[in-house]
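>>> kindly generate the corresponding structure for this input.
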Amino acid sequence: MRAARAGPALAASVIDVGSNSVLLLTVEIDAAGRARQRDAALASTQLGSGLEATGRLDPAARARTRDAVVALSRRARDRGTARVWGFATGAARRAHDGRDFATELAQAAACPVAVLSGNEEAALAYAAVRHACAGDDAALLAVDVGGATTELMLGESAATSAAVSLPLGALALTERGGDAAAEVERALEGHGVLAQARATGAVVVASGGTATALAALDLGLRTYDPARVHGHSLAVAGLSRIARHASADLPGVLDPGRAHILPAGALILGGVARHAGASTVRVSEHGVRHAYLRERLATEGVAANLRALWD
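Numbers count the residues shown, from 1 in each chain. This is a model prediction of the structure:
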């Protein structure tokens, strides 16, 4: 496989259609395969809102999400990106009409939109954080707390030993109400993947909006800075305290739909880390979208190195 094509830099984009947010990532890859972030954007559409009650996607959420995906696809192409790929995660996967909606998105945005299985999402989360932790072959538990589900993948180096998609998500848990802490404990108590992580002393690395928002708040950022968030270490004991300081009045740090679901996300992430025997969580700004983009590029013979996106 060649590193990249000679000549002008290659630009490629991916659109991540999550249960809470839609994200755009556009990178530019030089002739040596080194990628730099050209553009990033986020729209809070809460596709998964109401899903717990009906099992179907809410019409208003569908419309918001469709508009966002079309706008982000157009934005990528307007800035010179010829390759645009999309994928959808928990909400589309769990909804009865999720695959039909992905087809609708693909037609409206003129780009393919895959619906990832839970294991596919977990594997991509693991690949992303392992790629970002250059040269680190230690046992690692990758955690991605989404709006509808939480993905866990355990492994050492490139080899993985266990994966699971849990029906715990920050948006879904918030909407269900009740005793959220007790629900998280019931879901995690005695879970096999977490027991394995504890036994191997795995480092817990978290990607996704919950983890990066908590890191930004812990760092006291007024403007979101991916280079500072990436690699930040969070004390598990302080996650709920950090989440309580989340505010919709921090538009440079939190997207508008994040603040009210962050306490639930912190509960999930903290519970996973404690059951895995970890006192700290390392945060990865590299997530599923980064690994998916690398995977798509690889099918075209381009081996992209995304470790130094913000240098």
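
>>> contact partners for His93?
Actually, residue 93 is Arg. It isn't His. 115-118, 148-149 (Cβ atoms under 8 Å, 6 or more residues apart in numbering). Every residue, glycine included, has its C-beta placed from N, CA and C.

>>> kindly report the same for Glu156.
Contacts of Glu156 (Cβ under 8 Å, 6+ apart): 137-140, 200.

>>> cutoff 6 Å now
Contact analysis of Glu156 by Cβ atoms under 6 Å, 6 or more residues apart in numbering lists Ala139.

>>> contacting residues around the lowest-mean-pLDDT helix or strand in the chain?
Using mean pLDDT, DSSP states H and E, strand 159-166 stands out as the lowest-scoring helix or strand of the chain, at a mean of 89. By Cβ under 6 Å, 6+ apart, the surrounding residues in contact with strand 159-166 are 118-119, 122, 149-155, 187, 193, 196.

>>> by neighbour count, which of the contacts of Arg93 wins?
Ala148 (26 neighbours; other Cβ atoms under 10 Å).

>>> nearest spatial neighbour of it, skipping sequence neighbours?
Computed as Cβ to Cβ, 6 or more residues apart in numbering, the closest residue to Ala148 that is not its neighbour in sequence is Gly90, at 3.1 Å.

>>> check Cys111 too.
Val84 (4.3 Å).

>>> so what's the residue count around the one you found?
When neighbours are counted by other Cβ under 10 Å, Val84 comes out with 23.

>>> for it, list each beta-bridge partner.
Taking DSSP bridges as the rule, Val84 bridges to Ser13.

>>> ok, now which ones touch Thr280?
Thr280 touches 233, 235, counting by Cβ under 6 Å, 6+ apart.

>>> now stretch 9-27: mean pLDDT?
Taken as a whole, stretch 9-27 has a mean pLDDT of 95.

>>> would you put the C-alpha positions of that stretch in PDB?
Presented in PDB, the C-alpha positions along stretch 9-27 are these (Å, rounded to 0.1, in the frame of the first residue of the first chain):
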ATOM      1  CA  ALA A   9      -2.500  17.200  -1.200                       C
ATOM      2  CA  LEU A  10      -5.500  14.900  -1.000                       C
ATOM      3  CA  ALA A  11      -8.500  16.100   1.000                       C
ATOM      4  CA  ALA A  12     -11.100  13.700   2.400                       C
ATOM      5  CA  SER A  13     -14.100  14.200   4.700                       C
ATOM      6  CA  VAL A  14     -16.200  12.000   7.000                       C
ATOM      7  CA  ILE A  15     -19.600  12.800   8.500                       C
ATOM      8  CA  ASP A  16     -20.500  11.100  11.800                       C
ATOM      9  CA  VAL A  17     -24.200  10.900  12.400                       C
ATOM     10  CA  GLY A  18     -24.500  10.300  16.100                       C
ATOM     11  CA  SER A  19     -27.400  10.000  18.500                       C
ATOM     12  CA  ASN A  20     -26.800  13.500  19.900                       C
ATOM     13  CA  SER A  21     -24.500  15.300  17.400                       C
ATOM     14  CA  VAL A  22     -23.500  15.300  13.700                       C
ATOM     15  CA  LEU A  23     -19.800  15.900  13.200                       C
ATOM     16  CA  LEU A  24     -17.700  16.800  10.200                       C
ATOM     17  CA  LEU A  25     -14.000  16.000   9.900                       C
ATOM     18  CA  THR A  26     -12.000  17.100   6.900                       C
ATOM     19  CA  VAL A  27      -8.300  16.300   6.600                       C
END
